[in-house]
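Student: Generate coordinates for the sequence data below:
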Amino acid sequence: MKRYKFLLVALSCFLCGCGWVPPWTYYTAESFIAYYLAGDIKVHTLGTNRVRLYWGFTQEYSYNSWGEEKYVYEELCVKHNDLEYDKRVPDPKALETGDGTYRMVYWKDFVAIDVVSDRNFDTEHLAGSSLGDVVEYGGWSYWEYIKNNYTGREENYISGYINDLPEDGLCLVKELFLYFNEVPESAVGKHNLTITIIADDGTVYELACPVELAAVEE
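Tutor: Next comes the predicted model:
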């Protein structure tokens, strides 16, 4: 009996390595989003001209939570009208999706983002003034898919200038980047950025991050 159990475990491990998803990880999902991640927003530099925002989560609210956590999850699903997915799918944590964030999003939506630098960017953007019409955002969101009744692409690329966010904000964000697409000669070099993010519930996040700006080749 022990030998058969060992062989079963070995076979499962082999199949998982081949991309096979164990059937016992499947469940009927009423909502597309499986995990809402709560916690601080963190930032780090990605080479030149770009920073990445990521979720330093300390709590998750999911379809398989219990008690108060399950209540919060259900309230978030109602908020985003994510209630009629109704498909049998595997738990995202059982999938080999590269970054491991499939159907996982930050638990708050963003209505405003601003960036300032400790250095002059150009003659119109002096140190301490908003770079809202200079800095662009880019990332991935599930909002359009859910808003369109689960049709089209699941993950949609979102982008634009940070002073021109969509009318309903940045919702159901999987990951987010901020970057400089145009850098004048006067701005080349190290900048210490202060990034302010306002969530739809009024929560204000203030982040500090150094970034090296380099001229962008056309």
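Student: buried residues in stretch 135-146?
Tutor: Residues of stretch 135-146 classed as buried: 135-137, 139-146 (neighbour count, 16 or more other CB atoms under 10 Å). In this view, the C-beta of every residue, glycine as well, is placed from N, C-alpha and C.
Student: Output the below-cut-off pLDDT ranges for the protein.
Tutor: Residues of the chain meeting the criterion pLDDT under 70: 1-24, 95-101, 217-218.
Student: And the helices in the chain?
Tutor: Under the criterion DSSP state H, helices of the chain are mapped to 2-17, 67-79, 143-147.
Student: Identify all contacting residues around the shortest one.
Tutor: This points to helix 143-147. 32-33, 80-82, 151-156, 168, 170-172 (CB atoms under 8 Å, 6 or more residues apart in numbering).
Student: Buried among these? Make that a PyMOL selection.
Tutor: For the buried members of these, the matching PyMOL selection, counting by 16+ other CB under 10 Å, is:
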select buried, resi 32+33+80+82+155+156+170+171+172
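Student: ok, which pair from the contacts of helix 143-147 is furthest apart?
Tutor: 151 and 170 (20.7 Å; CB to CB).
Student: Would you mind measuring from residue 67 to residue 201?
Tutor: 22 Å (CB to CB, to the nearest Å).
Student: residues near residue 164, how many?
Tutor: By other CB atoms under 10 Å, 10 other residues sit near residue 164.
Student: now it: how far from residue 197?
Tutor: If you go by CB to CB, the gap between residue 164 and residue 197 works out to 15 Å.
Student: Neighbouring strands - and their directions - for the longest strand belonging to the chain?
Tutor: Longest strand of the chain, by residue count under DSSP state E: strand 50-62. In the sheet, strand 50-62 lines up against strand 35-45 (antiparallel), strand 173-180 (antiparallel) (DSSP bridges).
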